[in-house]
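Asker: Below are the sequence and a predicted model; questions follow.
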Amino acid sequence: CENGVCSTIFPNFNEEDDSPTFDNCEEDDEDGTCLYDSTNEEDAVSKIKDFEKEAVEKAAGVLKAIGFNPDEEYNPSQQRGGRLFGGGMQAVIDQALAVLRIFGFTGAQINTIPVHPVQQTALAALAQVTAHKAVIVLPTAAQDTNLPNYEPCRGGEGLCTSAQECKNIGGVQGKSIGKCGNCVGCSVCCQFVTGCQGITDKMITYFQSPGYPRTDRSNEACSLTLNVRDEVCQVRLDFVDFEMAAPQAGSCSGVDNFEIINTAQPGGVFGPGQSKMCGLNKGQHVYMPVKPGNILIMRATTSGVRNIPLARTDGTNRGLSGDTAFRWNTRVTQIPCEAPGARGGRSGADGKAARRIPSHYRKLLAPDGCRQYFQESRGRLQSYNFDGKSEVLLNQNYAICVKRPARSCGMTLKALGFSLPAASVGCLLGNVATDDDCALCCTSTAEDGPGVNYLGVVGYSDGASGRTPIGQAYFANQDRYFFCGAKLGATNLIVTRTKGPLLLRVRTAGKYWEEWSCPAGGCLGFLMNYDVDTGTC
């Protein structure tokens, strides 16, 4: 061998007859066995090209199968690569890139290579060569756990999917909001957005007003139809942005409104016959029970002629100012109660093992019967469309739940704003449960009264405390459940003590109340801070 190339491999040409011979042939060879058969030269070149094509396509297929992006700079020494792919998979990437470099393919050129589906054996072979102790997750194994268009990303703001899927397909517009590679074939975190008359079954979808984030004044009906998936038992709506006309006489029917039609709640989402929202609801949310195959419709009816609360106009004037432009941006999240494919047993219809439920969905799942669910131990809650000026809605009957952590004994509520109808003038202060005539303040059904209106919570104390044999403790001086009028109890503060669920009940009457039954300024609902009490109480 010379310069690393053995002469026995390649033929030398005979200058006399142009016939190639091999160096190890004897000079007296007469039968021609050492002569190079030129008729096979084209076949050899063809086989070499076929080998190159097969090697390149398989290497590119391996990279695509594990979600490698050739457009990004790849540095195996960086920590990011190790977190994304792991030691074994990183070695697979290095070997595949080495094969492509042999044939002159680098960087973005890899995208131009046609690929075929990669078999398990191809990745397994690379894994054996590159990582003796590494555990390689093959594409089909990963598909049993992480599905495209199913795994949430960026805290539930989008879905993990491929760049191809994150496009405007079937009226659903995709917007990349980051990178994501925790499912086979996935490369981007995609935010799927629908406009008017959209239809979707995505796990996470955004329903936006025309031209959002700009406001609009058009007269139209805009809807989104959600086809509930088989494994889903709840749907959560998050009102990222919500500005519509203020209710009139406790109703949204006569103004621009956002209606929720849930086939699993034919009687109403928020109460009897109450499924409409209006006013300001930014930051609010609502949970709804659903069943497999249900249809959930969100329908906005707008005219752009009614006033939006708190809209800024000339000067410093705020309130019902005359600005009629509306907008909304609602995140719609389907929450599964079982893993996809688990219905009917441990295996799905495709015969594969049941997949897992991503932790984001498990954390979102609310207790049965809750329209709102707050998981932080401290925060703020308020009635729908509360803005300090607009009236609370009629026909509401729903529960607000707060997650109960370990070793908790209740919670403390501090009202920042509170006003609900009361049954008599003697009840308007809100510090009593009955008036001087022993009439119930919040639950009276008298024909000349405002009906049943209250915030229900198990009261224990109004915050007054003193020394006891075991230390400082609250006085049990506010033993009541129904609260209405101008204050949340005697001091706008309630301390609860309960071993059961932490929840509040909101209820308003079905008929509009008389002016005398509301505190000064109107019946506006409530805004309060809550703090879950933990430890020894």
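Answerer: On my side now, so go ahead. Since the structure is predicted, the reported quantities are computational estimates derived from the model, not experimental observations.
Asker: residues contacting the residue nearest the centre of the chain?
Answerer: Among the residues of the chain, G156 comes closest to the average C-alpha position under C-alpha atoms, centre = their mean, at 3.3 Å. For G156, the set of contacting residues under the criterion of C-beta atoms under 8 Å, 6 or more residues apart in numbering consists of 204, 331, 333, 360, 364. Glycine gets a C-beta too; all of them are placed from N, C-alpha and C.
Asker: The fourth one falls within a strand, correct?
Answerer: By that I understand H360. No - with DSSP: H, G, I helix; E, B strand; the rest coil as the criterion, H360 is helix rather than part of a strand.
Asker: Confirm for me that it is in contact with R154.
Answerer: No - applying C-beta atoms under 8 Å as the test, H360 and R154 come out as separate, 10.0 Å apart.
Asker: where do the helices sit along the chain?
Answerer: Counting by DSSP state H, the chain forms helices over residues 41-65, 79-102, 120-130, 139-143, 359-364, given from the N-terminal end onward.
Asker: Mind listing what's buried along the longest one?
Answerer: Translated: helix 41-65. 56, 58-65 (16 or more other C-beta atoms under 10 Å).
Asker: Show me what that helix is packed up against.
Answerer: Based on contacts counted as 3 or more C-beta pairs under 8 Å, 6 or more residues apart in numbering; DSSP states H and E, the elements that helix 41-65 packs against are helix 79-102, helix 120-130.
Asker: Pick out the shakiest of these, pLDDT-wise.
Answerer: Mean pLDDT values for these show the minimum at helix 120-130, a mean of 47.
Asker: who wins for most neighbours among the contacts of G156?
Answerer: Taking other C-beta atoms under 10 Å as the neighbour criterion, I204 ranks highest of those with 24 neighbours.
Asker: Across the sheet, point out what pairs with that one.
Answerer: On DSSP bridges, the residues paired with I204 through beta bridges are T333.
Asker: Can you add pLDDT and distance to G181 and give the contacts of G156 back as JSON lines?
Answerer: Supplementary listing: the contacts of G156 in JSON lines, determined by pLDDT from 0 to 100; distance: C-beta to C-beta, whole Å:
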{"residue": "I204", "pLDDT": "96", "distance to G181": "18"}
{"residue": "R331", "pLDDT": "98", "distance to G181": "23"}
{"residue": "T333", "pLDDT": "98", "distance to G181": "22"}
{"residue": "H360", "pLDDT": "94", "distance to G181": "17"}
{"residue": "L364", "pLDDT": "96", "distance to G181": "23"}
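Asker: and the residues you listed, which two are the farthest apart?
Answerer: The largest separation in the contacts of G156, counting by C-beta to C-beta, is between R331 and H360 at 12.7 Å.
Asker: What's the local residue count around L527?
Answerer: The tally of other residues near L527 (other C-beta under 10 Å) stands at 16.
Asker: from what I can see it touches D387, true?
Answerer: No - with contact taken as C-beta under 8 Å, L527 and D387 are classed as non-touching, separated by 9.2 Å.
Asker: Run a quick neighbour tally on G293.
Answerer: By the criterion of other C-beta under 10 Å, G293 has 11 neighbours.
Asker: What of L413?
Answerer: Residues within reach of L413, counting by other C-beta under 10 Å, total 25.
Asker: What of the one 5 residues further on?
Answerer: Number of residues near F418 (other C-beta under 10 Å) recorded here: 23.
Asker: Please apply the same query to G273.
Answerer: Summarising burial for G273: neighbours were counted as other C-beta under 10 Å, giving 11.
Asker: who touches it in this structure?
Answerer: Under the contact definition (C-beta under 8 Å, 6+ apart), the residues listed for G273 are 267, 395, 510.
Asker: any idea how far the second one lies from N453?
Answerer: Pointing back at N395 there. For N395, the distance to N453 (C-beta to C-beta, to the nearest Å) stands at 11 Å.
Asker: So if I had to pick from the two, which one is more boxed in?
Answerer: With other C-beta under 10 Å as the criterion, N395 and N453 differ in neighbour count, and N453 comes out ahead with 28 against 19.
Asker: what about the residue nearest to the more buried one when sequence neighbours are not counted, distance to Y481?
Answerer: Using C-beta to C-beta, 6 or more residues apart in numbering and skipping the chain neighbours, the partner closest in space to N453 is P421 (4.3 Å). Separation of P421 from Y481 (C-beta to C-beta): 17 Å.
Asker: Same check on N492?
Answerer: Using C-beta to C-beta, which is the criterion applied here, N492 is 17 Å from Y481.
Asker: out of the two, which sits in the more crowded spot?
Answerer: Counted by other C-beta under 10 Å, N492 and Y481 do not tie: N492 has more neighbours, with 19 against 14.
Asker: So what sits opposite the spatially closest residue to that one that is not a sequence neighbour in the bridge?
Answerer: Distance criterion C-beta to C-beta, 6+ apart; nearest residue to N492, sequence neighbours excluded, is A415 at 4.2 Å. Beta-bridge partners for A415, by DSSP bridges, are M528.
Asker: Please work out how many residues are found near R101.
Answerer: Neighbour count for R101, taken as other C-beta under 10 Å: 11.
Asker: Kindly report the same for F526.
Answerer: 21.
Asker: Low-confidence bits of the stretch 351-500 of the chain, can you list those?
Answerer: Low-confidence segments of the stretch 351-500 of the chain, defined by pLDDT under 70, span residues 351-354, 468, 470-471.
Asker: can you give me the strands in it?
Answerer: With DSSP state E, counting those that start in this stretch, the ranges of strands along the stretch 351-500 of the chain come out as 370-374, 378-382, 397-402, 408-419, 454-456, 465-468, 471-474, 482-483, 493-495.
Asker: so what does the first one touch, helix or strand wise?
Answerer: It refers to strand 370-374. So strand 370-374, by 3+ C-beta pairs under 8 Å, 6+ apart, packs with strand 285-289, strand 397-402.
Asker: Which neighbouring elements make contact with the longest one?
Answerer: If you count contacts as 3+ C-beta pairs under 8 Å, 6+ apart, strand 397-402 packs onto strand 370-374, strand 502-507.
Asker: Kindly report the same for the shortest one.
Answerer: Judged by 3+ C-beta pairs under 8 Å, 6+ apart, the packing partners of strand 285-289 are strand 232-243, strand 257-262, strand 370-374.
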